[in-house]
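Student: Please find the sequence and the predicted model below.
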Amino acid sequence: MFLIVIGCSRQTIKLKFNRFSAYGDGKMHFSLEEALEEPASITKLELWHNQLEQLPNEIFAFINLRELNLMDNKFAELPAEISKFEHLEFISLIENELTKLPKEIGKLIHLKGLGLSSNQLSQLPPEIGGLTNLKSLLLNCNRLIQLPAEFRNLRNLQTLSLQRNQFWWEFPDEILHLTSLQNLDLGENFLTEIPSDITKLTNLQTLSLACNRLEQIPCEIGKLTALKYLDLHSNPIEYISPEIKNLVNLQSLVLYGIKLKRLPVEICELTNLHTLLLDRNHLSDLPSEITNLTNLSRLTLGMNEFIELPIEICMLTSLRELILTGNKLRFVPPEIGQLTNLEELRLDGNQLEMLPPEIARLTKLRMLILNDNNFSDEEIEKIKDLLPNTNIDNLKTDIDYSK
């Protein structure tokens with residue numbers, strides 16, 4: 001689809017390689033030639049999903065473009081003429097085949113958003129440091145191994161995604177100068193440590209370091225007190241600093257798949273937590289202090305080593321989702337009935353034979369998953385009578401809950 005915005009109106013142009021659609025109250029263009037009759041008025045151009053290998057020369061007449069969407073094409077490079085779009089504020093080149101960027105990219109000084117995810121970039125030109133008005137830069141799923149020194153000039157950058165690149169061992173030092181950052185994703189790289197200077201990123205609200213090779217979460221992490229979301233899943237973490245308790249604004253903490261044998265009691269001081277994901281660890285109990293997490297609405301404990309449901313969980317009355325898949329549970333206490341806000345409960349892959357009658361108090365429960373337990377048909381019928389408005393699954397599957 002080739003979408004053109006003229007003033008406040010939106011029109012669609014049909015080219016030989018495009019589908020045609022039309023909407024809005026403005027004038028409709030049936031050809032690129034018609035659009036070129038008033039090129040200075042065009043502010044938005046969408047050429048996504050067209051298998052283009054190069055930009056049509058004609059579009060450089062649209063000198064007042066503010067937004068350019070070239071997503072999902074086959075561009076291997078951009079022409080130097082891209083700098084002619086001197087008023088450009090947003091450009092998406094996601095899902096192309098770019099191996100490099102022209103140095104002229106640095107002349108787009110009004111850019112606020114640049115999407116380069118899912119390409120084949122192994123380096124960035126130093127000129128990218130000239131994009132000092134940039135607020136969002138998406139570079140995930142490329143082949144970057146380092147950043148140019150000039151990258152530190154992007155002082156207005158608020159969102160940076162570098163997930164699934166090839167940063168080996170060291171955290172890119174250039175990032176530590178971007179003190180306006182609010183959202184940072186460095187997941188799925190090969191990082192082994194978090195630098196102490198991460199404390200410079202005082203405005204960070206979301207931080208993902210998932211799927212790296214981190215073994216420790218140092219005390220410095222506790223100084224990022226603006227954090228609301230922290231994702232550390234799938235790292236071989238052996239130590240979490242007690243200073244994590246200082247993340248008083250944290251709402252979501254993702255710790256699944258990190259081989260925890262016990263939950264640090266300091267996490268129980270994060271009373272603003274709404275989401276705590278602890279699947280695929282080695283937990284067999286929880287600290288009694290977990291009852292302090294009175295705002296917790298989502299708790300996942302699947303694929304751990306619980307033999308019985310910790311009674312403390314039944315005091316978390318704000319819970320709406322509780323996942324206990326793939327443990328070794330033989331018994332659910334009657335106190336489960338205290339979780340009256342629960343909407344989803346997963347108990348599949350355990351060793352349960354019955355549920356207490358107090359389960360009937362879960363009147364908001366929409367979904368109850370009981371697959372791969374030891375319930376008799378009679379017991380399942382009792383549960384259905386107790387929860388007439390709940391969707392209940394009780395199947396035998398081939399799922400390997402140990403993986």
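Tutor: Nice, thanks for sending it over. Numbers count the residues shown, from 1 in each chain.
Student: contacts, neighbours, all on C-alpha from now
Tutor: Noted.
Student: can you give me the helices for the stretch 301-403 of the chain?
Tutor: 377-386 (DSSP state H, counting those that start in this stretch).
Student: dump the residue contacts of Lys396.
Tutor: Neighbour list for Lys396: 371-372 [criterion: CA atoms under 8 Å, 6 or more residues apart in numbering].
Student: whoops, I mixed them up, Leu121
Tutor: Contact partners of Leu121, counting by CA under 8 Å, 6+ apart, are 98-100, 142-144.
Student: tell me the pLDDT at the closest residue in space to Thr300 that isn't next to it in sequence?
Tutor: Once flanking residues are discounted, Thr300 sits nearest to Ile323: 4.5 Å by CA to CA, 6 or more residues apart in numbering. pLDDT for Ile323: 98.
Student: and the contacts of Leu121 as JSON lines, adding neighbour count?
Tutor: Output for the contacts of Leu121, formatted as JSON lines (neighbours: other CA atoms under 10 Å):
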{"residue": "Leu98", "neighbour count": "21"}
{"residue": "Thr99", "neighbour count": "17"}
{"residue": "Lys100", "neighbour count": "16"}
{"residue": "Asn142", "neighbour count": "22"}
{"residue": "Arg143", "neighbour count": "19"}
{"residue": "Leu144", "neighbour count": "20"}
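Student: so can I have TSV of these showing pLDDT?
Tutor: Output for the contacts of Leu121, formatted as TSV (pLDDT from 0 to 100):
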residue	pLDDT
Leu98	98
Thr99	97
Lys100	96
Asn142	98
Arg143	97
Leu144	97
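Student: do you know how far Ile194 is from Leu324?
Tutor: 31 Å (CA to CA, to the nearest Å).
Student: In terms of neighbours, single out the busier of those two.
Tutor: Leu324 (24 against 18; other CA atoms under 10 Å).
Student: how far away is the closest residue to that one other than its chain neighbours from Leu137?
Tutor: Closest residue in space to Leu324, ignoring its immediate chain neighbours: Gly302 at 4.5 Å, by CA to CA, 6+ apart. For Gly302, the distance to Leu137 equals 35 Å [CA to CA].
Student: Which one of those two is surrounded by more residues?
Tutor: Between Gly302 and Leu137, counted using other CA under 10 Å, Gly302 has the larger neighbour count: 25 against 20.
Student: any idea how far the more buried one lies from Leu276?
Tutor: 12 Å.
Student: what touches both of the two?
Tutor: Counting by CA under 8 Å, 6+ apart, nothing touches both Gly302 and Leu276.
Student: Leu355 versus the spatially closest residue to Pro356 that is not a sequence neighbour, what's the distance?
Tutor: Spatial nearest neighbour of Pro356, chain neighbours left out: Pro334 (5.4 Å); criterion: CA to CA, 6+ apart. Per CA to CA, Pro334 is found 8 Å from Leu355.
Student: Okay, buried residues for stretch 331-348 please.
Tutor: 331-333, 336-348 (16 or more other CA atoms under 10 Å).
Student: How many neighbouring residues does the nearest residue to Asn341 once chain neighbours are set aside have?
Tutor: Distances taken as CA to CA, 6+ apart put Arg320 closest to Asn341, at 5.5 Å, once the chain neighbours are dropped. Applying other CA under 10 Å, we find 19 residues neighbouring Arg320.
Student: list the contacts for Arg320?
Tutor: Here Arg320 is in contact with 297-298, 341-344 (CA under 8 Å, 6+ apart).
Student: which one of those residues is nearest Asn212?
Tutor: Using CA to CA, Arg298 comes nearest to Asn212 of the contacts of Arg320, at 24.5 Å.
Student: which stretches of the stretch 301-403 of the chain have low pLDDT?
Tutor: 403 (pLDDT under 70).
Student: Would you state the strands of it in chain order?
Tutor: Ranges of strands in the stretch 301-403 of the chain, per DSSP state E, counting those that start in this stretch, are 321-323, 344-346, 367-369, 391-393.
Student: Mind giving me the packing neighbours of the first one?
Tutor: Yep, that's strand 321-323 we're talking about. Where contact means 3 or more CA pairs under 8 Å, 6 or more residues apart in numbering; DSSP states H and E, strand 321-323 is packed against strand 298-300, strand 344-346.
Student: Distance to Leu365 for those strands - can I get that in JSON lines?
Tutor: Output for these, formatted as JSON lines (distance: least, CA to CA, whole Å):
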{"stretch": "strand 298-300", "distance to Leu365": "14"}
{"stretch": "strand 344-346", "distance to Leu365": "6"}
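Student: any idea how far Gln205 is from Ser180?
Tutor: 11 Å.
Student: er, Lys228 I mean
Tutor: 5 Å.
Student: Same question for Leu214.
Tutor: Taking CA to CA, one finds Leu214 at 20 Å from Gln205.
Student: Neighbour count for those two, which is higher?
Tutor: Leu214 (23 against 20).
Student: secondary structure element for that one?
Tutor: For Leu214, there is no enclosing helix or strand under DSSP states H and E.
Student: Leu230 too?
Tutor: strand 229-231.
Student: what sits up against that strand?
Tutor: Strand 229-231 is contacted from outside by 205-210, 250-255, using CA under 8 Å, 6+ apart.
Student: Going along the chain, name the helices of the protein.
Tutor: 32-35, 377-386 (DSSP state H).
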